[in-house]
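**Student:** sequence first, then the predicted structure:
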Amino acid sequence: MNIITVIPLSRAKLAAELSYFTSADIPLGAIVSVPLRSKSIHAIVTESRRAEDEKIDIKNAPFEIRKLSKVKAAVFFPAAFVDACKILAAYYATTVGAVIDSLVSGVLLENAAKISPPLPKQPSFMSSPLPKDETFAIQGDDADRLSSWRSLIRQEFARKRSIAIYVPTIEDGEQIFAALEKGIEGYIFKLNGSLDHKKIIGTWSAIADTDHPIVVIATGSFSLMPRGDIETVIIERENGRGWITQKSPYLDLRHALETIARKRRQTVFLSDGLLRTETLRRLDSGEIDQGSPFKWRSISTARDLLVDMRTYKASENNFKIISPELEKLIERNREESTHLYILTVRRGTAPMTVCGDCETIVACKNCSAPVVLHASPENGKNYFMCHKCGERRSADEECAVCGGWRLTPLGVGIDRVHEEVRKKFPDADIFKIDSDTTRTEKQINDVLEKFRARPGSVILGTELAMHHLTDKIDHVAVASLDSLFALPDFRVEERIMYMLIRLRAQATRSILVQTRKPEERVFEYGLKGNLSDFYRLTLSERKQFLYPPFAVLVKLTSEGNKEAIAKNMATARKLLEPLEVDVFPAFTSTVRGRSVIHGLIKIESHAWPDPEINAKLRSLPPGIAVRINPESLL
């Protein structure tokens with residue numbers, strides 16, 4: 001009889017290790033299925049001892065040692081991977097099991113006994129060991145970066161090495177796969193959550209069995225690969241959205257993938273058109289190096305124009321949607337049979353509605369988030385929709401506070417832009433992509449095919465369209481993104497700059513941006529491609545207010561009735577003394593009738609991770625979620 005110690009692979013708040021007894025001899029690193037409360041979960045074996053040698057300890061244990069369920073596989077997790085996960089667990093104030101559960105697809109865990117293990121053993125065609133780990137930064141236009149990857153693939157294939165490219169979203173992966181596939185068909189693979197179980201297992205087997213260097217393009221839940229010849233890891237779209245896991249322990253997959261790669265002694269490239277401020281700071285400090293000649297100014301052939309919408313007023317409501325300059329661009333697009341993409345960041349007709357009498361914002365009755373005004377395509381009637389929880393109701397209502405009827409829509413949504421363009425250009429071919437009207441990949445691709453096939457057409461889209469429009473476009477316009485400035489978040493200007501840089505690089509002839517905030521310097525920097533000055537300004541502001549990269553932010557969130565969450569946060573403040581916890585209501589302070597509050601702690605970067613603080617964070621009540629360096633403070 002043996003006593004084994006395991007790491008439970010669960011995101012729930014559990015002990016870091018558990019003990020079980022079994023008659024089987026189980027190797028270290030094996031995946032087993034263990035009973036926990038009323039269900040079974042996966043776990044990794046970290047230690048095995050003979051029960052005869054532990055009789056006294058077993059007898060005096062304050063808990064019952066349960067019998068182990070069946071073994072799922074022999075050794076599956078490489079030691080270097082587990083070591084990296086221990087580092088990540090300390091950084092994100094969580095358990096090793098929670099980290100592994102976030103980084104390994106459940107499909108792989110369920111089929112661990114049937115698939116090739118991701119062991120770091122080198123294939124027979126490799127003759128030399130992996131080199132010393134290094135991290136490089138690459139900042140340049142999409143075309144330049146893709147050209148660099150093609151050259152690197154040829155170079156690594158000649159050296160009999162493979163490459164892993166990680167992306168934040170499935171759409172990014174599809175685009176890069178299509179751009180790199182030509183010439184290496186059969187040696188390039190993709191792994192992401194859109195694939196069914198059978199396809200994932202089949203692709204995993206093909207990756208393991210291909211007796212030739214390969215390229216794998218994957219999302220973060222495939223942090224392990226069944227190859228020992230992967231020497232290079234590329235983290236593409238490093239500044240994109242989608243890198244933070246949506247469930248506890250809220251890992252930053254960029255950080256996790258780099259940590260794993262460094263433990264595996266792989267070379268890492270952090271790559272984008274505009275790298276994150278945190279990454280550029282690492283470059284400044286000498287922590288990482290340039291991977292190629294660095295671009296501090298984005299080059300574009302497009303003529304740029306910033307339109308101050310405050311100079312135009314419409315007689316009916318003093319709020320003009322389409323400027324004369326954009327009207328001329330639409331007309332020119334039709335006359336010259338080119339293509340035009342118009343971006344609007346908000347869905348619906350208006351992102352906010354305010355009472356004209358008492359200035360109360362019309363809010364969702366379930367979660368208190370501002371509702372968005374929509375027009376029904378069936379009957380044309382307006383309705384309010386909450387984009388937070390999905391609640392819908394008729395817009396034919398009075399103010400909930402004062403009873404007034406002067407409910408005024410504010411801001412610009414994509415439906416409002418569509419209505420205005422259609423009104424002024426009734427004969428134009430106008431297409432639209434947003435999550436309300438194009439909900440599947442097929443619907444999006446069908447719209448894009450029609451748009452490309454009709455010269456002179458216009459496509460209206462939210463950021464969803466931007467992620468799918470991969471080809472160069474003659475003209476790009478931004479109808480409105482001013483609503484983003486209303487978000488009280490320190491990353492919002494970097495998000496706007498990133499969008500402008502991507503749009504500017506995509507346009508071949510012109511880019512036009514409408515705004516009522518022309519004084520914001522991000523427009524000057526974005527439209528001129530001035531990455532250097534934007535970075536210096538952002539870094540200065542972050543240093544002044546002690547934001548990343550100068551501090552690690554610890555965000556605590558409690559959700560429930562007001563009395564319970566107040567008690568939770570009071571407990572947290574007491575437990576975390578002498579650290580200062582800044583408590584504030586969430587931007588959407590009620591979700592499904594439950595109140596939400598946040599607490600924020602700033603810790604200087606050099607002082608994190610701190611074992612004592614880490615232990616306190618892990619001991620917080622289950623009703624408090626902990627996020628380290630969250631994507632947003634809202």
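**Tutor:** That came through fine.
**Student:** would you state the helices of the stretch 501-634 of the chain in chain order?
**Tutor:** 521-528, 531-545, 562-575, 611-618 (DSSP state H, counting those that start in this stretch).
**Student:** so which of those comes closest to residue 245?
**Tutor:** helix 611-618 (17.2 Å; CB to CB). No exception for glycine: its C-beta is placed from N, CA and C like everyone else's.
**Student:** right, and residue 495 touches residue 501 too?
**Tutor:** No. Residue 495 lies out of contact with residue 501 (CB atoms under 8 Å); the separation is 11.0 Å.
**Student:** comparing the two, which residue is more hemmed in?
**Tutor:** Shown here are residue 495 and residue 501; by other CB atoms under 10 Å, residue 501 has more neighbours (24 against 20).
**Student:** so where's the longest helix in this structure?
**Tutor:** For the chain, the helix with the greatest residue count under DSSP state H is helix 142-158.
**Student:** tell me the mean pLDDT for that helix?
**Tutor:** Regarding helix 142-158, the rounded mean pLDDT is 95.
**Student:** who touches it?
**Tutor:** 138, 140, 162-163, 165, 176, 179-180, 184, 187, 212-213, 215, 231-232, 234, 236, 271-273, 291-292, 295, 505 (CB atoms under 8 Å, 6 or more residues apart in numbering).
**Student:** which non-adjacent residue is nearest residue 394?
**Tutor:** Computed as CB to CB, 6 or more residues apart in numbering, the closest residue to residue 394 that is not its neighbour in sequence is residue 383, at 5.6 Å.
**Student:** quick one: secondary structure of that neighbour?
**Tutor:** The three-state label given to residue 383 by DSSP: H, G, I helix; E, B strand; the rest coil is strand.
**Student:** per-residue pLDDT, it?
**Tutor:** 88.
**Student:** residues contacting it?
**Tutor:** Per CB under 8 Å, 6+ apart, neighbours of residue 383: 373, 374, 375, 376, 392, 393, 394, 395.
**Student:** could you list every helix and strand in contact with the helix or strand containing the first one?
**Tutor:** Secondary structure from DSSP states H and E places residue 373 in strand 372-375. The contact analysis (3 or more CB pairs under 8 Å, 6 or more residues apart in numbering; DSSP states H and E) places strand 372-375 against strand 382-385, helix 414-424.
**Student:** hmm, try it at 10 Å
**Tutor:** Using 3 or more CB pairs under 10 Å, 6 or more residues apart in numbering; DSSP states H and E, the elements in contact with strand 372-375 are strand 352-355, strand 382-385, strand 407-410, helix 414-424.
**Student:** quick one: strands adjacent to the second one?
**Tutor:** When pairs are called by DSSP bridges, strand 382-385 turns out to pair with strand 372-375 (antiparallel), strand 392-394 (antiparallel).
**Student:** next: the third one.
**Tutor:** Strand pairing for strand 407-410, using DSSP bridges, gives strand 352-355 (antiparallel).
**Student:** okay, and the helix or strand of the chain with the least pLDDT?
**Tutor:** Of all helical and strand segments in the chain, the minimum by mean pLDDT, DSSP states H and E falls on helix 55-60, at a mean of 51.
**Student:** okay, now the unreliable bits of the stretch 201-350 of the chain?
**Tutor:** For the stretch 201-350 of the chain, applying pLDDT under 70 flags the ranges 314-318.
**Student:** and the helices in it?
**Tutor:** 253-263, 277-284, 324-335.
**Student:** tell me what angle the second one forms with helix 531-545.
**Tutor:** What that stands for is helix 277-284. Between helix 277-284 and helix 531-545, the angle comes out at 100 degrees (axes from the mean of the first three to the mean of the last three CA atoms, to 10 degrees).
**Student:** buried stuff in helix 277-284?
**Tutor:** By neighbour count with 16 or more other CB atoms under 10 Å, helix 277-284 contains the buried residues 277, 278, 279, 280, 281, 282, 283.
**Student:** you'd agree residue 549 is up against residue 490?
**Tutor:** No. Using CB atoms under 10 Å as the test, residue 549 is too far from residue 490 to be in contact (11.9 Å).
**Student:** and stretch 237-251, how far out from the chain middle?
**Tutor:** Remark: stretch 237-251 is offset 4 Å from the chain centroid, using CA atoms, centre = their mean, to the nearest Å.
**Student:** pairing partners for residue 267 in the sheet, please.
**Tutor:** According to DSSP bridges, beta-bridge pairing links residue 267 with residue 134, residue 232.
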